[in-house]
Every structure is written in C-alpha cells, then in structure tokens.
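# Provided below are the primary sequence and the corresponding predicted coordinates.
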Amino acid sequence: MVFEADNFLMNMQILVDTARKLVADHKGLLAMDESNPTCNKRFAKLNIPQTVEARRAYRELILTAPGLGDSISGAILFDETIRQQKKDGTPFLKVLADTGIIPGIKVDTGAKDLAAHPGEKITEGLDGLRDRLKEYCQMGARFAKWRAVIAIGEGIPTRSCIEANAHALARYAALCQESGLVPIVEPEVLMEGGHTLERCRAVTEEVLRNVFIQLNCQCVLLEGMILKPNMVLPGLTCPPHQEVKEVDIGEQQYQVRLTDRQPEEEQDIDEVANITVKSLWRTVPAAVPGIAFLSGGQSAELASARLNVMNLRFKSQLPWALSFSFARAIQQPALEIWCGKETNVLAAQQALLHRAKCNRAARRGEYTAVMERA
Ligand code: 13P
C-alpha cells in the first residue's frame with residue numbers, strides 16, 4: 001500500500017481508522033521492539049543465551065500466547081522480528097493477522113549523543129526512512145514507532161535538545177503518514193535522576209508543547225497518530241515525599257508529620273494520576289485519538305494501578321483514550337519465568353496474558369489489587 005496524491009482523503013481516512021482501532025475496545029499496545037542490544041542485555045541478566053534463536057523463541061512465546069488479541073490491539077516489532085517465523089515456519093506477521101493484532105514497527109535507529117550537549121541524546125534514523133517505511137508497509141505493518149529520550153539533570157534538558165528531538169519526531173511522523181503508517185510519537189522523559197515530581201511535570205509539559213508545535217509545522221494529521229508519553233513521576237532517586245506541616249509552639253517552629261496520610265503507595269498513585277492527566281490536558285490537542293503510556297521502568301503493578309486511577313477518575317472528561325504501550329510492564333514477569341527454558345513457556349505465557357488483562361482492566365478503571373492475587 002503506497003499512498004498516491006489523488007487518494008489523499010481516502011488515505012487520511014485509513015490512518016484515522018487505524019489509529020482509532022489501536023485504542024478501541026479498551027485494548028492497548030504491546031511493545032516488543034527492543035533492539036538486539038537491549039534484548040540481549042535483558043537476556044544476559046537472566047543467563048539466557050544472547051542469540052538470534054533465543055530472541056526468536058522468546059518472540060514466538062509472546063506472539064503465540066493464546067488469547068493475546070483479547071487485550072492487545074497492536075504489537076510493535078523490531079526489524080529482526082518482523083522478518084522471523086515460528087519454529088514451524090509460519091511468519092510472525094501471519095500469526096498476528098490470525099489473532100487480529102495490528103503489526104507495528106520501530107523505525108528509529110536509536111538515541112545517540114547530541115553533539116555539544118553533554119548528557120543529552122538525539123534520536124537518529126531519518127536518513128533513508130522513506131524507503132524503509134515503504135518496505136515495512138508492503139510487508140504488512142500498519143503503524144510505526146520512534147522514541148526520543150529526554151534526560152533531567154543539572155542544566156538539562158536544554159532547549160536545543162528538546163527542539164532537535166521534537167523536530168525529528170515530527171519529520172518521522174509526517175513520513176509515516178505519507179507511507180500509510182500511523183506514527184506512534186514517543187517523547188520519553190526519563191525516570192533516572194533525583195528530580196521531583198514537579199520538575200518532571202514542568203519538563204514533560206515543555207517537551208509535549210514543543211512536540212505539538214513541530215507536528216503542526218510538519219502538517220501531521222493529529223487524528224491519525226498516537227502519542228506515547230511517560231507518566232509524570234518523581235525521579236528514581238528522589239527522596240520519598242514527606243507530608244509535613246510547620247507549626248509554631250512558643251518561640252520554636254517544629255515540623256510535624258501529618259497523621260492522617262494515606263499509605264505511601266496509594267497516595268503516590270493518586271498524585272501521579274492527577275498530575276499526569278493535568279499535564280496532558282494542558283498540552284495534548286483533543287484531535288489526538290489516543291495516548292498510550294510507556295512504562296519506563298515502573299513496576300508492572302504500579303503501571304497498571306496508575307493507569308487505572310487515571311481512567312477511573314477522569315475517563316468521562318477526557319477527549320482522548322488513555323491506554324498503554326508497555327514493554328517491561330507487560331513482558332518482564334513472563335521473561336523472568338521463561339528464563340530461556342522450553343518447559344517454562346506455558347507458565348510465561350500465562351504471566352504475559354495476566355499483565356495484558358490487568359492493563360485492559362485498567363483502561364476501564366476496573367483493575368484492583370485482587371486481580372494480582374487471583
Ligand atoms: P517500557 O514500557 O519498558 O518503558 O518500553 C516502552 C517502549 O516502547 C520504549 O520505547
């Protein structure tokens with residue numbers, strides 16, 4: 001499927017329909033597009049051989065999990081995976097077609113050091129992208145993904161880093177739509193660092209504002225794309241939030257810890273859900289059909305719980321669907337069970353399906369901790 005100029009309107013409608021399908025029925029995306037080095041790193045931690053065959057076997061485990069399509073609308077593949085087959089020779093793309101899961105493809109070539117900006121990255125992959133997209137589209141892919149990474153630290157992110165990454169995301173998105181692929185636009189503000197929730201909020205909003213300015217400049221059809229942002233979270237090494245109140249007793253001022261606090265985790269879930277939705281509300285145009293979060297290193301359960309509270313509280317007031325496009329928060333428990341052993345495949349598939357179901361429930365605001373004990 002290659003787009004012709006005279007079919008412009010029909011082609012736009014195909015993009016809009018695909019984008020809507022990706023967030024329909026409370027299903028979400030499964031990101032299984034780890035590059036070979038990233039996949040190998042995760043395998044190495046579990047003593048799984050870092051070979052093409054091990055990666056193929058793992059991806060077969062995921063794609064053949066029975067009923068995966070009940071919770072997953074689209075799977076993001078890596079270049080190696082989109083060309084692979086099951087052990088019996090069935091192409092992975094056929095497996096996806098049979099389960100009704102829309103195939104997607106990661107098309108960036110990774111985040112590299114941004115020249116003259118220590119500690120910052122720029123995502124590469126625009127050279128030759130038009131031809132690569134054409135090939136993926138002919139193979140059967142219907143959407144694509146490009147991830148930009150923004151680090152928070154002393155003096156960073158700089159304006160140059162934010163603008164360069166937003167510009168690249170927008171050029172990628174316009175090329176995707178020209179080829180008939182829905183772009184997943186992923187500007188990830190990283191969790192690494194000691195920054196506060198408030199700083200993450202400010203940076204996330206600045207990044208998203210820039211991304212939408214650039215998307216508009218490049219004439220990207222907002223109805224035919226999906227945004228894949230981070231949730232707004234405090235940095236991994238940020239000291240725990242202490243709710244304290246200053247009180248004066250005589251001449252002295254004391255800090256008193258409030259006694260009626262919610263348990264730490266519950267409070268954190270509410271706060272993250274509220275601030276994340278507020279930031280998206282301020283920055284993401286209503287024309288965008290869906291927002292599918294990355295998990296970014298959160299635990300699988302927290303990612304589900306936070307998504308759940310966002311939908312439970314705000315779903316009826318939001319113009320876009322709030323969905324998921326998790327990699328680690330869906331795959332990690334399954335990978336740890338599989339550990340490269342054929343005998344563990346069924347148990348690993350059950351763990352994968354469980355996470356997919358939990359996240360589908362979170363889209364409806366119906367996820368509960370009880371689901372984790374079932
Ligand atoms: P995580 O959910 O593990 O952050 O991965 C999402 C992703 O696709 C990263 O590009």
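Noted; the coordinates are in hand. Please read these numbers as outputs of a predicted model, since none were measured by experiment.

# Leaving out the residues flanking it, which one is nearest to Thr99?
Gly69 (3.9 Å; CB to CB, 6 or more residues apart in numbering). Bear in mind the C-beta positions are built from the backbone N, C-alpha and C, glycine included.

# and the one you found, how many residues sit next to it?
Around Gly69 there are 17 other residues, counting by other CB atoms under 10 Å.

# repeat for Asp25
Number of residues near Asp25 (other CB under 10 Å) recorded here: 11.

# what kind of secondary structure is it in?
Remark: Asp25 carries the secondary structure label helix [criterion: DSSP: H, G, I helix; E, B strand; the rest coil].

# looking at this, Ile184 is in a strand?
Yes: assigned with three-state DSSP, Ile184 falls within a strand.

# and stretch 169-183, does that touch the ligand?
No: no part of stretch 169-183 sits close enough to the ligand to count as contact by CB under 6 Å from any ligand atom; the gap is at least 12.6 Å.

# Report the buried residues of that stretch.
Within stretch 169-183, the residues that qualify as buried by neighbour count (16 or more other CB atoms under 10 Å) are 169-183.

# how about the strands of the stretch 251-374 of the chain, start to end?
Using DSSP state E, counting those that start in this stretch, the strands of the stretch 251-374 of the chain run over residues 252-257, 290-293, 321-326.

# give me every residue that touches Ile152.
Contacts for Ile152 (CB atoms under 8 Å, 6 or more residues apart in numbering) come out as Val189, Leu190, Gly193, His195, Arg199, Cys200, Val203, Gly235.

# Can you select the buried ones from these in ChimeraX?
The command below creates a ChimeraX selection of those among the contacts of Ile152 that count as buried (16+ other CB under 10 Å):
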select :189,190,193,195,199,200,203,235
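
# Farthest pair within the contacts of Ile152?
Distance extremes for those: the farthest pair is Leu190 and Arg199 at 12.1 Å, using CB to CB.

# returning to that earlier point: a helix runs through the residue nearest to Thr99, doesn't it?
Yes: when the secondary structure is assigned by three-state DSSP, Gly69 falls within a helix.

# which residues does Lys145 bridge with?
For Lys145, the beta-bridge partners are Lys106, Ile184 (DSSP bridges).

# residues contacting it?
Lys145 makes contacts with Ala31, Asp33, Ile76, Gly104, Ile105, Lys106, Val107, Asp108, Pro183, Ile184, Glu186, Lys228, as judged by CB under 8 Å, 6+ apart.

# 6 Å instead, please
Listed by CB atoms under 6 Å, 6 or more residues apart in numbering, the contact set of Lys145 reads Ile76, Lys106, Ile184.

# Quick check: of those residues, which has the highest neighbour count?
Neighbour count (other CB under 10 Å) singles out Ile184 as the most crowded of those, with 32 neighbours.

# dump the residue contacts of it.
Residues in contact with Ile184, defined by CB under 6 Å, 6+ apart, are Lys145, Ile226, Lys228.

# ok, now how distant is the closest residue to Leu222 other than its chain neighbours from the ligand?
The shortest distance from Leu222 to any residue that is not its chain neighbour, by CB to CB, 6+ apart, is 4.0 Å, and that residue is Ala287. Remark: distance between Ala287 and the ligand (CB to the nearest ligand atom, to the nearest Å) = 23 Å.

# From Ala369, how far off is Ala287?
Distance from Ala287 to Ala369, counting by CB to CB, to the nearest Å: 36 Å.

# now do Ile101
With distances defined as CB to CB, the gap from Ile101 to Ala369 amounts to 28 Å.

# cool, and Met12?
Using CB to CB, one obtains 43 Å as the distance from Met12 to Ala369.

# Which one of those two is surrounded by more residues?
Under the neighbour definition other CB under 10 Å, Met12 and Ala369 were set side by side, and Met12 has more, 15 against 9.

# which one is the more buried one nearest to, not counting chain neighbours?
If you skip the residues right next to it in sequence, Met12 has Leu221 as its closest partner in space, 5.8 Å away by CB to CB, 6+ apart.

# confidence score at the residue of the stretch 51-200 of the chain found nearest the ligand?
Each residue of the stretch 51-200 of the chain has a distance to the ligand, by CB to the nearest ligand atom, and the smallest belongs to Arg147, at 4.1 Å. The score at Arg147 is 98. That number is its pLDDT.

# can you confirm it is in a strand?
Yes: inclusion of Arg147 in a strand is indicated when three-state DSSP is applied.

# surely it meets Pro183?
No: at 11.7 Å, Arg147 does not count as touching Pro183 under the criterion of CB atoms under 6 Å.
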